[in-house]
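Enquirer: sequence first, then the predicted structure:
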Amino acid sequence: MARVGLLTMSDGRDYVARDVHDHCVRAEEEIAAFLAGAGHEVIRADGIVTANDLATSYARRVADARPDLTIFSYPVWAFPHFTMLAAAATPGPLLLLGNIDPQFPGMVGMLAGGGGLDQIGRVHARAWGDINQPEVSGRILAQVNAAAAVQGLRGATFGRIGGRPMGMYTAVANTDQWMDTFGIDVEEIDQWEIVRRADQVEASRARQAVKWLETHAGGVHYDGDRLTPELLERQVRAYYAVRELIDEWHLDFSGIKGQPELTAHFATMDIAEAFLNDPYDWDGAKPTHVTSTEADMDGALTMQILKGLTGLPVLFADVRHYHAEREVWDLCNSGQHATWYAARSDDPLENLSRVHLYPEVFYFPAGGASVSHFAAPGEATFARLTRRDGRYRMHVVRGAFERYDDATNEALARQSTFEWPHAFTRLNAPAGEFLARFGANHIHAVPGEHVAELRAVCELLSIDYDGMGDAAA
Ligand SMILES: C[C@H](O)[C@@H](O)[C@@H](O)C(=O)CO
């Protein structure tokens with residue numbers, strides 16, 4: 001649910017404003033009803049804007065409610081300086097909405113206002129037409145969702161637990177640039193805190209959780225070495241330790257370095273990361289907390305934006321392999337995929353029934369469980385924030401998760417790392433285009449179609465939109 005401000009621009013001549021007043025009010029009521037019907041909170045101005053001082057005072061009053069997006073509606077010709085004054089009093093994202101009604105020159109009003117904003121370099125979005133038309137309502141809702149996701153970043157705090165892993169430049173972002181572009185602060189927290197606090201977690205809590213996993217997971221494959229009940233308990237303790245850090249440091253999203261210190265000498269963070277990203281754990285339902293593997297900052301930020309758009313758990317994966325003969329990617333992760341992706345069910349037990357906990361592989365001598373499953377099939381939107389020569393861009397590509405019969409899934413997974421989670425994926429972009437341009441080793445996804453929203457997010461953040469394949473259009 002977003003908070004949307006709504007102002008209607010009109011004519012500055014009292015005798016004209018009077019004659020078009022009812023038309024303006026009807027148009028505003030229709031927009032307000034549409035937005036409320038879509039589940040959003042609407043903050044309407046105290047009246048129709050028919051004078052310069054009202055443009056400022058009405059806009060200030062609406063801005064006081066800190067809307068995620070403010071819509072300037074143009075059902076009739078409107079004096080353009082009203083737009084400029086109202087925009088000056090509107091700090092947040094702006095959408096100009098023009099009608100397509102030949103009887104009333106609302107389109108002229110929108111273009112004159114928009115042209116003025118362009119002249120001063122004020123970023124704004126535009127929509128036009130009959131709000132009852134799906135392409136129009138869809139464009140408006142994409143802007144509303146994008147604005148809510150972007151505003152949701154402002155004032156947030158990222159918890160960077162541990163530093164850069166394995167020399168991974170793509171995992172590290174510039175904190176000044178984050179504050180300037182996204183309004184996000186970064187807390188640097190030592191991984192030692194996980195080790196220290198894990199020790200203090202009540203044993204019974206850890207045992208209870210392990211019991212739940214043993215009962216409900218598709219399999220817990222203890223081997224008496226890399227995966228034992230004690231190691232699984234340690235991973236559960238680490239999960240609770242990170243939950244404590246999130247609460248105490250007021251973290252909105254996080255990343256955990258893991259390699260090599262924890263994965264060599266403590267345990268992997270796979271259980272922690274999987275269930276932090278999940279909308280549940282063994283204690284019941286809970287909000288998801290975006291947590292990136294390898295403390296990947298721009299990865300976590302991409303996930304936080306995708307969560308802001310959908311409210312859903314978000315996938316974090318390595319771009320591990322391309323099966324050219326199948327034109328399918330193996331999006332696997334040396335860390336975790338939220339277990340929700342195993343069946344995308346509201347019933348945690350249905351998801352868990354498809355999850356297998358395997359002993360960690362040779363990369364991770366400290367051991368623990370890897371959280372393995374094959375992502376359930378379905379359409380999805382894939383995205384990743386990267387930087388080119390210091391400038392942010394958002395790679396966006398459509399695609400779909402695929403899952404095959406057990407034997408095929410296993411055969412494909414054994415070509416990479418069977419024990420890790422896999423999302424076999426068909427992308428709507430040629431592999432050559434993708435590999436030539438994709439600027440990171442990690443990719444993120446959410447179910448459904450979100451290309452228009454991501455394009456709007458890039459406009460609002462003044463970063464480059466880099467659509468691939470059919471998302472380029
Ligand atoms: C186990 C390896 O170090 C992996 O973590 C590495 O290949 C990556 O996934 C890097 O993103």
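Expert: Looks like it arrived, so ask away.

Enquirer: is stretch 362-372 in proximity to the ligand?
Expert: Yes. Stretch 362-372 reaches the ligand (Cβ under 6 Å from any ligand atom) through residue 363. For glycine as for every other residue, the C-beta is placed from the backbone atoms N, C-alpha and C.

Enquirer: just the CA trace of that stretch, in CSV.
Expert: C-alpha atoms of stretch 362-372 as CSV (Å, rounded to 0.1, in the frame of the first residue of the first chain):
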residue,chain,number,x,y,z
PHE,A,362,34.8,-28.8,-0.2
TYR,A,363,34.8,-25.1,-0.4
PHE,A,364,33.4,-24.9,3.2
PRO,A,365,35.5,-27.0,5.5
ALA,A,366,33.7,-25.7,8.6
GLY,A,367,30.7,-27.5,7.3
GLY,A,368,27.0,-27.1,8.1
ALA,A,369,23.9,-27.7,5.9
SER,A,370,23.4,-26.3,2.5
VAL,A,371,19.8,-25.6,1.8
SER,A,372,19.0,-27.3,-1.5
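
Enquirer: ok, and the closest non-adjacent residue to residue 258?
Expert: Of all residues not flanking residue 258 in the chain, residue 269 sits nearest, at 4.7 Å (Cβ to Cβ, 6 or more residues apart in numbering).

Enquirer: quick one: classify the residue in the chain that the ligand sits nearest to as helix, strand or coil.
Expert: Residue of the chain nearest the ligand, by Cβ to the nearest ligand atom: residue 334 (3.4 Å). Assigned with DSSP: H, G, I helix; E, B strand; the rest coil, residue 334 falls in the coil class.

Enquirer: and it, how many neighbours does it have?
Expert: Neighbour count of residue 334, defined by other Cβ atoms under 10 Å: 23.

Enquirer: let me see the contact set for it.
Expert: Residue 334 makes contact with 259, 293, 318, 363, 417, 420, according to Cβ atoms under 8 Å, 6 or more residues apart in numbering.

Enquirer: rewinding a little: wait, what's in contact with the residue nearest to residue 258?
Expert: Here residue 269 is in contact with 194, 235, 238, 242, 256, 258, 262, 263, 293, 335, 336 (criterion: Cβ under 8 Å, 6+ apart).

Enquirer: residue 162 is in contact with residue 296, isn't it?
Expert: No. The pair residue 162 / residue 296 is not scored as a contact, 11.4 Å apart, by Cβ atoms under 8 Å.

Enquirer: more neighbours, those two?
Expert: residue 296 (29 against 22).

Enquirer: next one: phi and psi at the residue nearest to residue 258?
Expert: With angles defined as degrees, to the nearest 10, residue 269 shows backbone torsions of phi -100, psi 20.

Enquirer: quick check: pLDDT value at it.
Expert: For residue 269, the pLDDT comes out at 98.

Enquirer: from the contacts of residue 334, pick the one nearest residue 51.
Expert: Using Cβ to Cβ, residue 293 is the member of the contacts of residue 334 that lies nearest residue 51, at 55.7 Å.

Enquirer: state the distance from that closest one to residue 120.
Expert: Look at residue 293 and residue 120: by Cβ to Cβ, to the nearest Å, they are 43 Å apart.

Enquirer: comparing those two, which shows the higher neighbour count?
Expert: Shown here are residue 293 and residue 120; by other Cβ under 10 Å, residue 293 has more neighbours (29 against 9).

Enquirer: so what are the domain limits for the protein?
Expert: For the chain, automatic domain parsing gives the domain ranges 3-153, 157-471.

Enquirer: how distant is the shortest one from the center of its chain?
Expert: By that I understand domain 3-153. The chain centre lies 26 Å from the centre of domain 3-153; the measure is Cα atoms, centre = their mean, to the nearest Å.

Enquirer: helix or strand for the residue nearest the centre of the chain, which one?
Expert: With distances taken as Cα atoms, centre = their mean, residue 306 lies nearest the centre of the chain, 1.6 Å away. Secondary structure assigned from DSSP states H and E places residue 306 in helix 297-310.

Enquirer: which elements pack onto the helix or strand just after that helix?
Expert: Using DSSP H and E, the next helix or strand after helix 297-310 towards the C-terminus is strand 315-323. Helices and strands touching strand 315-323, by 3 or more Cβ pairs under 8 Å, 6 or more residues apart in numbering; DSSP states H and E, are strand 328-332, helix 406-415, strand 442-447.

Enquirer: just name the most buried of these.
Expert: Highest mean neighbour count of the helices and strands packed on strand 315-323: strand 442-447, a mean of 25 (counted as mean count of other Cβ atoms under 10 Å).

Enquirer: give the partner strands of that one in its sheet and their orientations.
Expert: Applying DSSP bridges, strand 442-447 is found paired with strand 315-323 (antiparallel), strand 378-388 (antiparallel).

Enquirer: before we move on, the earlier item: show me what the helix holding residue 306 is packed up against.
Expert: In terms of contacts (3+ Cβ pairs under 8 Å, 6+ apart), helix 297-310 is packed against helix 134-151, strand 157-161, helix 175-182, strand 253-256, strand 291-293, strand 378-388, strand 442-447, helix 451-461.

Enquirer: redo these as JSON lines? Include distance to residue 471 and mean pLDDT.
Expert: Output for the helices and strands packed on helix 297-310, formatted as JSON lines (distance: least, Cβ to Cβ, whole Å; pLDDT from 0 to 100):
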{"stretch": "helix 134-151", "distance to residue 471": "14", "mean pLDDT": "97"}
{"stretch": "strand 157-161", "distance to residue 471": "27", "mean pLDDT": "98"}
{"stretch": "helix 175-182", "distance to residue 471": "22", "mean pLDDT": "98"}
{"stretch": "strand 253-256", "distance to residue 471": "24", "mean pLDDT": "98"}
{"stretch": "strand 291-293", "distance to residue 471": "23", "mean pLDDT": "98"}
{"stretch": "strand 378-388", "distance to residue 471": "8", "mean pLDDT": "98"}
{"stretch": "strand 442-447", "distance to residue 471": "13", "mean pLDDT": "98"}
{"stretch": "helix 451-461", "distance to residue 471": "5", "mean pLDDT": "98"}
